[in-house]
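J.: Provide a 3D model corresponding to the input given below.
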Amino acid sequence: MANDHFRKRVLAQLEKKIDNRSPTTWGSLNNKVMHRLLSRAIPPVISGSNNGLEAYYLTGQEAENKLDFHATNLHGPIITHHQQQFEWDKRKGRPIGQLFRRMGNLNRTVSVQKPSLSLENDSFITMPLYDVQDKFLTNMVSEDPLNVLDLCNPLPRSILPKFLTGEDCQLLSEVRYSVLGGDTAERCVATAAKWNKWRDDEDWVLVAQGGAQTLTHEDGLGKATWLTVQEGQLGLGWISHPTEEERRDWGASPNTFQGGRLRYVVLHPGQTIYFEAGTIHFVFRAVEYQTAIVGGHILRWSRVVSFMEVVLHQLQFPDATNEEILPSARVYVETVARLISDRKTSGRSEELGGEESIARFFLLKEKFDKILKRRRKRAV
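T.: Modelled structure (predicted):
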């Protein structure tokens with residue numbers, strides 16, 4: 001009931017903002033599309049047979065067991081709690097205020113989504129951090145809510161949820177070490193810029209003022225995602241069990257797609273949600289709640305086939321993700337392929353889903369290689 005109350009409150013707030021005119025700003029587009037999404041979204045199925053489930057509310061240990069090499073496939077997100085070792089200092093006020101204090105040099109700039117910007121231009125502008133901080137700490141409610149999606153993480157590595165520290169969840173770290181360290185097993189001596197690029201891929205921070213909305217998308221490059229709420233409440237929705245046809249139709253036009261089974265949950269401070277690669281998801285916020293989230297990506301050894309399927313889908317449908325994946329895709333795919341071969345040679349094929357999964361991965365990689373070859377020819 002509380003979750004439905006939150007959804008209805010956001011719907012009511014959106015109804016005051018939308019009209020029948022064609023959207024001219026990013027905010028008017030977001031509000032109209034989000035209203036349509038939330039009008040159809042319902043809570044997920046959380047009990048019954050595994051194949052019928054749409055989300056899993058689990059303890060930390062149960063969540064860790066679900067992400068073991070030998071566990072069955074997930075049929076929706078995992079929601080758990082108290083998995084973050086790091087704690088905020090309650091004597092120093094709101095997490096958002098502490099976050100900016102930990103950022104250090106506030107003269108640096110960051111890209112910020114702003115609803116009032118015209119659809120004829122980018123959805124974001126660049127702002128200095130001190131200006132962003134001022135907007136958050138002096139205006140609890142804003143008519144033009146900022147959505148900051150690209151903040152580097154100033155917090156210690158202890159933000160990583162404990163249930164994601166199992167061996168199956170460490171493929172992305174192996175990719176990073178392989179790319180930066182080469183053949184040596186010694187401590188990585190890569191430049192700070194190269195190291196930070198990979199670190200920011202594994203964990204980052206999202207802050208948004210109340211009423212900021214994020215429409216349906218997939219996270220890029222076949223990576224799974226975790227998010228832990230630090231402050232505020234927010235809703236996260238997704239398309240449950242999409243068919244291949246639904247996935248293609250959505251990928252061709254995400255903002256006009258009106259099919260699929262829409263599900264949602266409402267998250268509170270201390271809760272973590274984890275969802276697999278390729279999950280089509282969206283985020284909605286009530287105007288009265290600023291939100292701070294820490295999050296990150298992982299790759300799973302046992303899901304390398306899913307990784308390749310999602311990468312191929314996102315190359316075919318570039319609007320599926322909010323980022324340009326092509327520049328990094330070749331590095332990821334080639335490195336994962338090399339790591340798979342190494343693990344197979346070591347007699348650990350079962351951890352990759354068995355010989356059939358490995359063969360499937362390399363069959364998909366052949367398709368990927370052909371796509372890159374065609375695109376290089378067109379670029380000449």
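J.: show me which residues of whichever strand or helix holds residue 12 are buried.
T.: Using DSSP states H and E, the element containing residue 12 is helix 2-15. Under the neighbour-count criterion of 16 or more other C-beta atoms under 10 Å, helix 2-15 has 6-7, 10-11, 13-14 buried. Where you see a C-beta, it was placed from the backbone N, CA and C, and this is true even at glycine.
J.: now, which of these sits nearest residue 138?
T.: residue 13 (21.5 Å; C-beta to C-beta).
J.: ok, the closest one touching residue 287?
T.: Yes - look at residue 13 against residue 287 with C-beta atoms under 8 Å: they come within range, at 5.4 Å.
J.: what about the helices in the stretch 251-380 of the chain?
T.: Along the stretch 251-380 of the chain, the segments classed as helices by DSSP state H, counting those that start in this stretch run 304-316, 326-345, 355-379.
J.: residue 74: which of those is closest?
T.: helix 304-316 (10.4 Å).
J.: count the neighbours of residue 255 for me.
T.: Look at residue 255: counted by other C-beta atoms under 10 Å, it has 15 neighbours.
J.: ok, now residue 362?
T.: Neighbour count for residue 362, taken as other C-beta under 10 Å: 13.
J.: next one: residue 211
T.: 26.
J.: list the contacts of it.
T.: Applying C-beta atoms under 8 Å, 6 or more residues apart in numbering, we find residue 211 in contact with 13, 141-142, 145, 285-287.
J.: so what's the residue nearest to it when sequence neighbours are not counted up against?
T.: Spatial nearest neighbour of residue 211, excluding adjacent residues (C-beta to C-beta, 6 or more residues apart in numbering): residue 287 at 4.0 Å. Residue 287 makes contacts with 13, 141, 145, 210-211, as judged by C-beta under 8 Å, 6+ apart.
J.: element containing the spatially closest residue to residue 338 that is not a sequence neighbour?
T.: Computed as C-beta to C-beta, 6+ apart, the closest residue to residue 338 that is not its neighbour in sequence is residue 178, at 7.0 Å. Using DSSP H and E, residue 178 sits within helix 171-181.
J.: tilt between that helix and helix 304-316?
T.: 70 degrees (axes from the mean of the first three to the mean of the last three C-alpha atoms, to 10 degrees).
J.: per-residue confidence averaged over helix 171-181?
T.: The average pLDDT within helix 171-181 is 87.
J.: flag the least confident of the contacts of residue 287.
T.: Out of the contacts of residue 287, that is residue 141, at 87.
J.: relative to residue 214, how far out is it?
T.: 19 Å (C-beta to C-beta, to the nearest Å).
J.: looking at these two, which is more packed in?
T.: residue 214 (20 against 12).
J.: quick one: residues contacting the residue nearest to residue 227 when sequence neighbours are not counted.
T.: Once flanking residues are discounted, residue 227 sits nearest to residue 295: 4.1 Å by C-beta to C-beta, 6+ apart. With contacts defined as C-beta under 8 Å, 6+ apart, residue 295 is in contact with 203-206, 225-228.
J.: quick check, nearest of those residues to residue 62?
T.: Proximity of these to residue 62 (C-beta to C-beta) peaks at residue 226, which lies at 15.5 Å.
J.: I'd like the next helix or strand past the helix or strand containing that closest one.
T.: According to DSSP H and E, residue 226 maps onto strand 224-231. Later in the chain than strand 224-231, the nearest helix or strand by DSSP H and E is strand 234-240.
J.: can you tell me what sits against that next one?
T.: Outside strand 234-240, the residues within contact range by C-beta under 8 Å, 6+ apart are 3, 6-7, 10, 37-38, 41, 44, 54, 76-77, 208, 216, 227, 246, 250, 260-267, 273, 275, 279-285, 289, 291, 293.
J.: worst-scoring helix or strand of the chain, pLDDT-wise?
T.: One helix or strand of the chain scores below all others by mean pLDDT, DSSP states H and E: helix 192-202, with a mean of 55.
J.: just after that helix, pick out the following helix or strand.
T.: Criterion used, DSSP H and E; the element after helix 192-202 is strand 204-208.
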